[in-house]
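>>> next comes the sequence, and after it the predicted model I'd like to discuss.
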Amino acid sequence: MFEILRRFFKFCDAENRRKFHLSIALGVVNSFFMALRIAAVAVMIQAVIKNLSENLPFEAKTVWLSFGIILASTVCAIITKKNMSMLQTEGGYRTCAKKRIEIAEHLRYLPMGYFNANSLGQITSVTTNTMELLGDVATRAVMLVMQGLLDSALIIFMIFFFDWRIALVALAGFLLFQFVNVFMRLAVKNISSQKTQADEAQVGKILEYIQGIAEVKAYNLTGNRRQDLNAKIDRCINACIGMEMRCIPIAAIQSLVAKLTGVAIMFSSIIFYLGGSMELTNCAVMLICSFMLFTALEVGGNYSALLRIIDIGVKKADAILDLPTMDISGKDEGGDFECQQTAKQDADVSVGETRGGVKITTETTTPPLDISAQNITFAYDKRKIIDGVSLTIPAGSTTAFVGPSGGGKTTLCHLLSRFWDVDSGSVTLAGKNVRDYDMDSLMKNFSFVFQNVYLFHDTIANNIRFGQPDAPMEKVIEAAKKACCHEFISALPDGYDTIIGEGGANLSGGEKQRISIARAIMKDAPIIILDEATANVDPENERDLMTAVSELTKEKTVIMIAHRLKTVRNANQIFVIDKGRIAEHGTHEELIKRGGIYARFIDSRKKAVSWKL
């Protein structure tokens with residue numbers, strides 16, 4: 001139990017850990033005030049007994065003393081309880097909120113290969129179910145378990161002042177209760193792991209079901225036919241029921257031990273009184289203490305089974321946070337690169353040249369943002385995707401990657417922009433290995449327009465200013481106009497304040513694509529990567545989209561993956577990627593003359609375009 005609590009407190013950040021520690025200290029004070037009720041009851045009982053047995057007058061000050069002790073202890077207990085509860089509640093919820101953010105930040109720097117169908121359910125489950133559970137259950141369970149232990153310990157401590165023999169009986173019952181409690185935690189150990197695994201599988205399958213809802217409807221995979229989803233839900237139900245069924249018998253034994261401890265205290269107190277070794281006052285007080293003790297024990301014991309769930313939740317979150325990230329700190333002390341435009345302007349100015357009436361006396365130190373790969377390889381799940389690729393992309397040029405599907409084009413782009421780290425070889429930008437630069441600084445130099453655009457559940461304006469959250473509305477509108485999406489945005493009922501459904505569900509493919517281009521224009525990075533950006537666009541949207549792409553790529557280094565002839569034919573260089581290798585390299589005209597893969601590819605495209613009914 002204490003190991004689980006220690007691990008949970010370590011899981012909390014320093015600020016919230018202090019809140020929990022302070023709440024425990026207040027819990028000790030609260031337990032002390034609660035235990036003072038024993039003293040108040042003892043004073044009153046003693047006065048009543050003397051009045052009945054010795055005919056001594058019942059003094060008013062005795063009543064006031066007892067009443068004063070109870071009132072003071074109750075008021076102080078309420079105050080400490082309120083502050084203790086607030087500290088633990090704030091500590092629990094804020095810890096979970098910060099951990100969600102910490103996990104999100106950590107995920108940013110994991111290799112893209114981690115994000116697959118298997119990990120999606122786990123990530124979603126941990127950041128939603130697990131964190132919600134820790135926020136709700138952990139705070140309450142830790143608070144009640146700790147309070148139950150503290151109250152029980154202080155009641156036993158107070159009993160020592162009345163009769164050490166009864167205190168030993170109470171201590172024995174307390175230890176026996178904790179012994180049974182160990183079996184409670186052991187009983188749910190395996191089933192707790194099964195429950196969390198079932199939760200992850202259920203979340204992953206539900207996400208898969210929702211994301212593939214079109215296929216679900218098309219193939220009538222609803223009702224009783226969604227067997228896989230039903231199986232995951234049933235598994236989760238069975239895990240929850242199994243946990244309860246395992247806990248119920250041991251919880252009953254635990255409750256019985258708590259009550260028998262009270263009975264043992266009562267029986268011992270009566271025996272000692274009848275034997276003449278205990279005063280009637282102390283006997284009466286011990287009878288009351290017996291009820292207080294088993295109540296305190298049950299409060300802590302009933303929630304202790306949840307500690308195992310908390311422990312698993314903490315381990316699940318830590319497992320994600322312990323995943324090795326790519327080296328994101330880098331070795332470069334200079335921070336960001338200079339943008340391409342600045343580099344180009346500086347490169348055009350020679351030493352001694354006069355510009356604007358000022359003589360230039362120093363040379364620029366900003367290197368051009370050339371991208372180079374030297375014999376790079378990359379494998380995913382032991383399957384080699386990129387095999388010994390070497391290439392150079394000069395700053396300000398346009399480079400196209402073409403080739404069969406599955407040949408490694410997208411993976412190569414991800415390696416050049418360091419979405420993944422290469423297994424061997426090196427990728428350099430401006431003459432330095434990309435691993436030597438701070439990850440955030442490196443990413444500022446790349447803008448991406450993917451084939452499958454993802455827009456966030458937010459306003460259109462905020463989706464456009466994603467790369468510059470503080471950008472004024474004027475810049476947002478300017479970027480939208482360049483991306484040819486200002487007109488359709490303005491026609492929407494709320495204009496730029498229109499809320500986009502998750503993933504951009506309420507926009508057409510062309511509209512989403514142009515908004516993503518506006519987002520890239522807003523970022524104004526010197527290197528643009530276009531991954532099949534025009535592949536799924538209808539002819540009506542293609543003209544506007546090509547205009548937007550043209551605006552985006554002005555004076556930029558452009559890397560594109562494309563299959564359309566008019567998209568690649570004007571590229572400065574074309575790499576044909578096949579089976580993870582560079583099969584051909586050259587300009588459009590050079591590759592056509594060779595009559596190789598590219599020429600056959602272009603010929604087949606021409607035939608497909610010219611085919612008519």
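Great, that's in hand.
>>> residue boundaries of the helices in the stretch 351-500 of the chain?
409-416, 439-443, 460-464, 473-482, 486-490 (DSSP state H, counting those that start in this stretch).
>>> ok now the next helix or strand after the last one, how far from the chain's centre?
Right, the one you point to is helix 486-490. Toward the C-terminus, helix 486-490 is succeeded by helix 509-523 as the next helix or strand (DSSP states H and E). Relative to the chain's own centre, helix 509-523 is displaced by 27 Å; criterion: Cα atoms, centre = their mean, to the nearest Å.
>>> measure how buried N572 is and give me the count.
14 (other Cβ atoms under 10 Å). Bear in mind the C-beta positions are built from the backbone N, C-alpha and C, glycine included.
>>> compute the distance between it and D387, please.
25 Å (Cβ to Cβ, to the nearest Å).
>>> returning to what we had before: compare the mean pLDDT across the helices of the stretch 351-500 of the chain and name the weakest.
In terms of average pLDDT, helix 439-443 trails the rest of the helices of the stretch 351-500 of the chain, at a mean of 82.
>>> local confidence estimate at L120?
At L120, pLDDT is 66.
>>> then L168?
Reported pLDDT for L168: 92.
>>> ok so it is a helix residue?
Yes - L168: assigned to a helix according to DSSP: H, G, I helix; E, B strand; the rest coil.
>>> and it, how close does it get to F160?
Taking Cβ to Cβ, one finds L168 at 9 Å from F160.
>>> again, but for S23
From S23 over to F160 (counting by Cβ to Cβ), the distance is 26 Å.
>>> who's more crowded, the two?
Of the pair S23 and F160, S23 is the one with more neighbours under other Cβ under 10 Å, namely 26 against 14.
>>> next up, the contacts around that one.
83-85, 87-88, 91, 143 (Cβ atoms under 8 Å, 6 or more residues apart in numbering).
>>> just the buried ones out of those, please.
Applying 16 or more other Cβ atoms under 10 Å to these, the neighbour count classes 84-85, 87-88, 91, 143 as buried.
>>> returning to that earlier point: would you list the helices of the stretch 351-500 of the chain in CSV and tack on distance to C96?
CSV is the format used below for the helices of the stretch 351-500 of the chain (distance: least, Cβ to Cβ, whole Å):
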stretch, distance to C96
helix 409-416, 32
helix 439-443, 26
helix 460-464, 25
helix 473-482, 34
helix 486-490, 37
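>>> so which of those helices is nearest F9?
helix 439-443 (31.1 Å; Cβ to Cβ).
>>> now do that closest one: distance to the chain's middle.
21 Å.
>>> buried ones in that helix, by neighbour count?
Quick answer for helix 439-443 (16+ other Cβ under 10 Å): 439, 442-443.
>>> can you add distance to A548 and give these back as TSV?
Formatted as TSV, those follow (distance: Cβ to Cβ, whole Å):
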residue	distance to A548
M439	28
L442	25
M443	22
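>>> out of these, the closest to V314 would be?
Nearest member of the buried residues of helix 439-443 to V314, counting by Cβ to Cβ, is M439, at 27.3 Å.
>>> go ahead and confirm that closest one touches R418.
Yes - in this structure, M439 is within contact of R418 by Cβ atoms under 8 Å, at 7.4 Å.
>>> find residues that contact each of the two.
M326.
>>> and for the residue nearest to Q468 when sequence neighbours are not counted, the neighbour number?
Excluding its sequence neighbours, the residue lying closest to Q468 (Cβ to Cβ, 6 or more residues apart in numbering) is M522, at 5.6 Å. For M522, the neighbour count with other Cβ under 10 Å is 23.
>>> and for L274?
10.
>>> on the pLDDT front, check it for me.
pLDDT, read off for L274, is 87.
>>> now do it against A138, distance only.
Applying Cβ to Cβ, the value for L274 to A138 is 48 Å.
>>> would you list every one of the helices in the stretch 201-350 of the chain?
For the stretch 201-350 of the chain, the helices defined by DSSP H, counting those that start in this stretch occupy 213-218, 227-274, 280-304, 306-321, 340-347.
>>> same deal with the stretch 1-150 of the chain?
So, for the stretch 1-150 of the chain - with DSSP H, counting those that start in this stretch - the helices run 2-11, 14-53, 60-108, 117-125, 131-133, 139-160.
>>> distance to L280 for those - can I get that in TSV?
Output for those, formatted as TSV (distance: least, Cβ to Cβ, whole Å):
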stretch	distance to L280
helix 2-11	39
helix 14-53	6
helix 60-108	16
helix 117-125	60
helix 131-133	50
helix 139-160	17
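>>> specify the stretch among the ones you listed that is closest to A583.
Closest to A583 of these is helix 117-125 (Cβ to Cβ; 30.7 Å).
>>> quick check: bridge partners of I561?
Applying DSSP bridges to I561 yields these beta-bridge partners: F401, D531.
>>> thought it was touching D531?
Yes - assessed by Cβ under 8 Å, I561 is found in contact with D531 at 4.9 Å.
>>> please enumerate the shared neighbours of those two.
In contact with both I561 and D531: 410, 413, using Cβ under 8 Å, 6+ apart.
>>> how distant is stretch 585-596 from the center of its chain?
Distance, centroid of stretch 585-596 to centroid of chain: 48 Å (Cα atoms, centre = their mean).
>>> for that stretch, give me every contacting residue.
So stretch 585-596 is contacted by 391, 568-576, 583-584, 598-599, 602 (Cβ under 8 Å, 6+ apart).
>>> what comes up buried for it?
For stretch 585-596, a neighbour-count test (16+ other Cβ under 10 Å) marks 586, 588, 591 as buried.
>>> OK, contacts around F291?
G262.
>>> now do it, the pLDDT please.
79.
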